[in-house]
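Colleague: Below: sequence and its predicted model.
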Amino acid sequence: MISFIRCKHVDYESSREESFMDIQLNVKDQKDVYESFDDYVRVEVLEGDNKYDAGDHGLQDAEKGIAFTKFPPVLHLQLKRFQFDPISENNIKINDRFEFPERLDLTKYIKVGPTDVPPVYFLHAVLVHSGDNHGGHYVVYINPEGDGKWCKFDDDVVVRCTKKEAIERNYGGSSDEFLQFRNCTNAYMLVYINEAKREEILQPVSEDDIPGYLSQRLTEERETEARRRKEKSEQSQYLNLRVVTEDDMVIHQGHELVDMEKIMARKPFRIRKESNLLQFQETLAEWFGYRPEDIRFWPYHSRQNGSARPTNLNLDQTTLQSHVVQDISSLSSGHFAGDEEDLIVFLEILPYRNPRSCRNLTAKAAQRRSDSEMTLFFRYYDPVRKVLEYKGYEMFSEKLQAKELIEACNVKAGFPSGTALLIFNDIKANNVEKLVAPDFPSGRLGQTYLDLCDGDLVVFQKAITLEEDALLPLSTVKDFFKDLTFRTDVEFVDKERPSDDSCTFSLTLNLKMNYSQVVNAVAARLRTDPKRIQLFKCQSALRDSPGAAITCSSDSTLKDLFTNFRTSMPKPKKLFYHHLDMDIDEMEARKEVKVVWQSNYREEGREFVLLVNRKGMIKDLLEQVKKQVDLSPDGSGQLRLVEIMNSKMQGTFPLMGPLENSLVNMSGNRTFRVEEIPTDQVKLGPDELLIPVAHFHKVRIASPLASGVRHLVFYLLEL
């Protein structure tokens, strides 16, 4: 097409030939494609203040427009559904009705020279958007053969559709059925093909026409889809197997034997439901590098109290051969821990085959269990180091007395016989029951059977004195578990380098910690002075970026920092930190002030961000500016601070005025300018007054300035 400007009264024209990929047509206030094309080629008259500069001919009345010389074989028409609204200052979607024909004749729009191919087109594709400017869904309707048989492409679903559904229902505007509602589903791009080029453009596609890389990609996608369908069809025949080992128990520092969330997060093994248990045991042994006779598997079952523990099924060879994996639940009174497609087992490595997994177990733990025995797991709590140590498991008679349990615990911890202990039953989260204490009557220790059952977790510690109880923050097992409920992992990110993983780390902290405790933990991790660290919250639960700074005098707890977001989204466990060049209490005593240094009213000002003492004076701020700018050698050498609001001068500030009161509201339309006082304004006479003025030139507004008026309009009158 050719864009031109043609003078009306002199023989002068400027034109340029331009290529285009598509044509953007207005939708607003246009009925259909033809009206929009008329608007597109409409000539604009340049006259009055908008005359055209024709060089030697000077300013001339002119006509500006475009003329099409030809149209391409495939014509893309972009309908301008999305536009900027100057009233709301937002992008909006225009859902007005806009019709487009199935057959498009553009002959009348070719103004320059003849064309070999008539510009008559048929509609090949309609691209449709449903929603608003914030988002939505996209589909495309295609007429593949150009014969009026339409298909709808919606993501990976392709279906036949009617011509009405493809064309008329995408005009937009009000719905025919519900006139009170605006239709937000409408076309935003049209693809037309020249009727004379139909056979050439829509010719059959052979394998040779498809690029090699695309053929390979399609083949891989088909293979992936075939595998997915096969896996889906076989899914009902398999279980997800997750394996727990003693290594998981050793590292765990919470309720239960292991962190079940981490276990469930692992990639599972796949095991056939119809595999017999002997095959299952052989497969487990092969996966972990043991002989089948060196291992036993204990299925995890959910207990009535809500906890999940491994159960020793005590299976013999006959049972292993005669039952399959999906029979495991029926072999005991419990149910699988997990959903119907998950099986969780504890893999026991027999101690006489693999001593490294024994962990202080007695030989009895490797023996087959009788029906009158139960398996107990043991952990030792060290109140000085505030850690739990896994001490293995062992079988006991169901009629277990306290003195037997005390002796077993002393043996496992390597304590002398008779060492006084506190023993607890870790039933489940937030439920820890004391079993044995030194102040229990001696008769109770030797005569009463303990209320324990198979799979229980026994946690013990040395008995503590009153002095130790007062000195140790977490002196007992109950204190330790109570503290666990307030622990959380917090990620700390360098505010200046958020994408640098080397500057990001996590700390396990207590939600009851105050600011000082949190910043001390961060400083210890960074090996720096806590006073040189500043912390920032996230902007919100939705925006993962630095927000407001946390003042060092804050009395908020760590929990408060993650519970102030008014949203149902998960709360972010993240804080940002910043290295300071000064102590934080000194920095918080200062205020960041943005000022503009104006040395010449005809030029843009230079912006400064100053850190000033909140208790300081205006003169202190001006002194800082004076050190960073060059003053006129023949100037007054004195500065003043001027308040500008909406391009209007509001006044100046006295030198001895307090900063905190003067600069309390630094909004977007309020700025502060520093300027050198002209020599003739340093000392005003009794009949002189400064008034603000501004220089206007076309649309540009210069900076307002103060001008002295002498003996003209403003006088100081004495009444």
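Modeller: Happy to help now that I have it.
Colleague: For the rest of this, base every contact and every neighbour count on C-alpha atoms.
Modeller: Fine.
Colleague: Excluding sequence neighbours, find me the nearest residue to residue 46.
Modeller: Distances taken as CA to CA, 6 or more residues apart in numbering put residue 62 closest to residue 46, at 5.0 Å, once the chain neighbours are dropped.
Colleague: Contacts for the host helix or strand of residue 301 next, please.
Modeller: Using DSSP states H and E, residue 301 sits in strand 295-302. When contacts are defined by CA atoms under 8 Å, 6 or more residues apart in numbering, strand 295-302 is touched by residues 281, 285, 308-313, 328, 334-337, 343-350.
Colleague: Help me confirm that the residue nearest to residue 46 comes into contact with residue 52.
Modeller: Yes. At 6.2 Å, residue 62 and residue 52 qualify as touching, with contact defined as CA atoms under 8 Å.
Colleague: and the gap between the most centrally placed residue in the chain and residue 556?
Modeller: In the chain, the centroid-proximal residue (CA atoms, centre = their mean) is residue 544; its distance is 5.6 Å. As judged by CA to CA, to the nearest Å, residue 544 and residue 556 stand 21 Å apart.
Colleague: starting at the chain centroid, how far to the longest strand seen in the chain?
Modeller: Determined from DSSP state E, the single longest strand within the chain is strand 120-132. Between the centre of strand 120-132 and the centre of its chain there are 34 Å (CA atoms, centre = their mean, to the nearest Å).
Colleague: C-terminal to it, what's the next element?
Modeller: The first helix or strand that comes after strand 120-132 along the chain, using DSSP H and E, is strand 135-142.
Colleague: Let me know the angle separating that next one from strand 120-132.
Modeller: Interaxial angle of strand 135-142 relative to strand 120-132 (axes from the mean of the first three to the mean of the last three CA atoms, to 10 degrees): 160 degrees.
Colleague: Whichever helix or strand comes after strand 135-142 pairs with which strands, parallel or anti?
Modeller: Remark: after strand 135-142, the chain's next helix or strand is strand 150-154, criterion DSSP H and E. Here strand 150-154 is paired, per DSSP bridges, with strand 135-142 (antiparallel), strand 157-161 (antiparallel).
Colleague: deepest of those, which one?
Modeller: strand 135-142 (a mean of 16; mean count of other CA atoms under 10 Å).
Colleague: about what we covered before: let's see which of the contacts of strand 295-302 end up in helices.
Modeller: 281, 285 (DSSP state H).
Colleague: How far does stretch 184-195 sit from its chain's centre?
Modeller: The answer for stretch 184-195 is 36 Å, by CA atoms, centre = their mean.
Colleague: Give me the contact list for that stretch.
Modeller: So stretch 184-195 is in contact with 72-81, 95, 104, 119-132, 169-173, going by CA under 8 Å, 6+ apart.
Colleague: among these, which ones are buried?
Modeller: For the contacts of stretch 184-195, a burial check counting by 16 or more other CA atoms under 10 Å picks out 73-81, 95, 104, 119-130, 132, 169-173.
Colleague: Tell me the residues that contact both of residue 62 and residue 52, please.
Modeller: With CA under 8 Å, 6+ apart as the test, residue 62 and residue 52 both reach 7, 46.
Colleague: ok so, going back, my guess is the residue nearest to the centre of the chain contacts residue 538. True?
Modeller: Yes. Between residue 544 and residue 538 there is a contact under CA under 8 Å: 5.9 Å.
Colleague: low-scoring stretches of the stretch 101-250 of the chain, by residue?
Modeller: The model of the stretch 101-250 of the chain has pLDDT under 70 over residues 112-114, 174-182.
Colleague: before we move on, back to that, report how many residues lie close to the residue nearest to residue 46.
Modeller: 23 (other CA atoms under 10 Å).
Colleague: Need the pLDDT of it.
Modeller: In this model, residue 62 is scored at 93, pLDDT.
Colleague: For residue 461, see how far away it is.
Modeller: Residue 62 is 98 Å from residue 461, by CA to CA.
Colleague: can you pull up the bridge partners for the residue nearest to residue 671 when sequence neighbours are not counted?
Modeller: Nearest non-adjacent residue to residue 671, counting by CA to CA, 6+ apart: residue 644, 5.2 Å away. Beta bridges link residue 644 to residue 649, residue 671, judged by DSSP bridges.
Colleague: which residues does residue 644 contact?
Modeller: Per CA under 8 Å, 6+ apart, neighbours of residue 644: 650, 651, 670, 671, 672, 673.
Colleague: Show me which of these is closest to residue 32.
Modeller: residue 670 (47.4 Å; CA to CA).
Colleague: so what's that closest one scoring on pLDDT?
Modeller: 76.
Colleague: Can you give me the distance of it to residue 645?
Modeller: Counting by CA to CA - residue 670 and residue 645 are separated by 5 Å.
Colleague: can you check residue 229 too?
Modeller: Counting by CA to CA, the gap from residue 229 to residue 645 is 67 Å.
Colleague: same check, this time on residue 673
Modeller: 11 Å.
Colleague: Residue 480 now?
Modeller: Taken as CA to CA, the span from residue 480 to residue 645 is 59 Å.
Colleague: who's more crowded, the two?
Modeller: residue 480 (20 against 15).
Colleague: Looks like that one contacts residue 388 (just checking).
Modeller: No. With contact defined as CA under 8 Å, residue 480 does not count as touching residue 388 (9.3 Å).
Colleague: Please identify the buried residues of the helix or strand encompassing residue 393?
Modeller: According to DSSP H and E, residue 393 maps onto strand 387-397. Using 16+ other CA under 10 Å as the burial criterion, the residues of strand 387-397 that qualify are 387, 388, 389, 390, 391, 392, 393, 394, 395, 396.
Colleague: so the helix or strand following that strand versus strand 387-397, what angle?
Modeller: Per DSSP H and E, the first helix or strand lying C-terminal to strand 387-397 is helix 402-413. If you take the same axes, to 10 degrees, helix 402-413 sits at 130 degrees to strand 387-397.
Colleague: And helix 402-413, what's buried?
Modeller: So, applying 16+ other CA under 10 Å, buried residues of helix 402-413: 402, 403, 405, 406, 407, 408, 409, 410, 412, 413.
Colleague: Output the residues you listed as JSON lines; include the columns distance to residue 435 and pLDDT.
Modeller: Shown next, in JSON lines, are those (distance: CA to CA, whole Å; pLDDT from 0 to 100):
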{"residue": "402", "distance to residue 435": "8", "pLDDT": "89"}
{"residue": "403", "distance to residue 435": "11", "pLDDT": "88"}
{"residue": "405", "distance to residue 435": "10", "pLDDT": "92"}
{"residue": "406", "distance to residue 435": "10", "pLDDT": "92"}
{"residue": "407", "distance to residue 435": "14", "pLDDT": "93"}
{"residue": "408", "distance to residue 435": "14", "pLDDT": "93"}
{"residue": "409", "distance to residue 435": "13", "pLDDT": "94"}
{"residue": "410", "distance to residue 435": "15", "pLDDT": "94"}
{"residue": "412", "distance to residue 435": "17", "pLDDT": "93"}
{"residue": "413", "distance to residue 435": "18", "pLDDT": "93"}
